[in-house]
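> Any chance you can model this:
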Amino acid sequence: MNAPMMYGAKAYAQVGLETEVNSASPHGLIIMLYDGAIQAIRKAKIYLEMNDLEQKGISISKAMKIISDGLAAAVDVKSGGQLAEQLLSLYDYMCKELVLSNLHNDVQKMDHCIALLEDLRSAWSEIGNAT
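Residues are numbered from 1 along each chain as shown. Here you go, the predicted structure:
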């Protein structure tokens, strides 16, 4: 794909994402954050397979940012009590695991974080279906 077409495709995708974010419910935004973190870790695994360690690190950093600045920031400890505290601890654990996975190129730690995020996403999705 030539450069102008690639730029146009990226711009179109960005507009689509902005539209999706702007029209999503708060519940839907959390689902999008889970999806984004999972996708970033999956990309990190692909970059590792390609031996592109710079892009692997960038993808892991993106996943960690989504977890810490998006998912963890959305937790309401005041209303959520002990469950919210446990969720924050789980997010912290995942970020630590991702740091170690990046440092040691550990695919198992990446897979473990993906599995945790998928479980949380599934539970969050079920909550949304129940309301």
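> Asp106 and Leu100 touch, don't they?
Yes - if you go by Cβ atoms under 8 Å, Asp106 and Leu100 touch, sitting 6.3 Å apart. The way it works is simple: take the backbone N, C-alpha and C, and place the C-beta from them, glycine included.
> Look at these two and report which has more neighbours.
Set Asp106 next to Leu100 and count neighbours by other Cβ atoms under 10 Å: Asp106 wins out with 15 against 12.
> so who does that one touch?
Counting by Cβ atoms under 8 Å, 6 or more residues apart in numbering, Asp106 touches Leu100.
> Name the helix or strand for the residue nearest in space to the middle of the chain, please.
In the chain, the centroid-proximal residue (Cα atoms, centre = their mean) is Ala37; its distance is 1.1 Å. Under the criterion of DSSP states H and E, Ala37 resides in helix 26-49.
> buried stuff in stretch 106-119?
Of all the residues in stretch 106-119, those buried under the rule 16 or more other Cβ atoms under 10 Å are Lys109, Met110, His112, Cys113, Ile114, Leu116, Leu117.
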